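> This is a predicted model, with the sequence first.
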Amino acid sequence: MRAIEKIIIHCSATPEGRHVSVADITAWHKKRGFRTIGYHFVIYLDGSIHKGRDISEIGAHVEGKNSNSIGICYIGGLDSNGKPKDTRTYGQKSAIMKLVSQLKERFPNSEVLGHRDYSPDKNGNGIIEEWEWLKACPCFDVKKEF
């Protein structure tokens, strides 16, 4: 098993309430040239947790951070106008907490972050501020929840 140091949360960047499946994301990722889905887990609107890549495989979800991380994607992340929004349902919030807790048990020294937390610190103050985000994903502050 590869060394896991990071658990990284993502969103699918799809409108609130729109159902998207592992098969849909796999097709999107293959269109972009990936071998298969880049995430290890996908959390549907109803809170069900679905397997993407096996965690023994290196993911494809944050450039330069994949070799030692696990990628979790929840469906949603945009409002009806396509603007970033925390659209997580109660079921998704519960499922993310449960899954992260299980992964932290298995990989106790891993850090939990959001995709946006890997944006560059443009002003060098040690804080990735909203104006520095390359993208808003996962559209909520992961550091505050974990």
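Sure thing, it's come through.
> quick one: Ile7 from His29, how far?
19 Å (Cβ to Cβ, to the nearest Å). Yep, even glycine has a C-beta here, placed from its N, CA and C like the rest.
> Point to the helix or strand of the protein where mean pLDDT is at its lowest.
Least confident helix or strand of the chain, by mean pLDDT, DSSP states H and E, is helix 142-145 with a mean of 92.
> Phi and psi next, for His115.
phi -50, psi -40 (degrees, to the nearest 10).
> which residues does it contact?
Going by Cβ atoms under 8 Å, 6 or more residues apart in numbering, His115 touches Ile8, Ile9, His10, His61, Val62, Lys135, Cys137, Pro138.
> The protein: helices as residue ranges?
22-31, 90-106, 142-145 (DSSP state H).
> Need these in TSV (columns: mean neighbour count).
Putting these into TSV (neighbours: other Cβ atoms under 10 Å) gives the following:
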stretch	mean neighbour count
helix 22-31	15
helix 90-106	15
helix 142-145	13
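> TSV for these, including distance to Ser67?
Below are the helices of the chain laid out as TSV (distance: least, Cβ to Cβ, whole Å):
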stretch	distance to Ser67
helix 22-31	18
helix 90-106	16
helix 142-145	20
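> Going by mean pLDDT, which of these comes out lowest?
Lowest mean pLDDT within the helices of the chain: helix 142-145, a mean of 92.
> Just give me how far that one sits from the chain centre.
Counting by Cα atoms, centre = their mean, to the nearest Å, helix 142-145 is centred 13 Å from the centre of its parent chain.
> What helices and strands are in contact with that helix?
Helices and strands touching helix 142-145, as assessed by 3 or more Cβ pairs under 8 Å, 6 or more residues apart in numbering; DSSP states H and E, comprise strand 111-114.
> then the strand it packs on to PDB, C-alphas only?
The C-alpha trace of strand 111-114 is given here as PDB (Å, rounded to 0.1, in the frame of the first residue of the first chain):
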ATOM      1  CA  GLU A 111      -4.100  15.800   6.700                       C
ATOM      2  CA  VAL A 112      -7.600  16.600   5.400                       C
ATOM      3  CA  LEU A 113      -7.800  19.500   3.000                       C
ATOM      4  CA  GLY A 114      -9.900  20.900   0.100                       C
END
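> Please consider this matter closed, and thank you.
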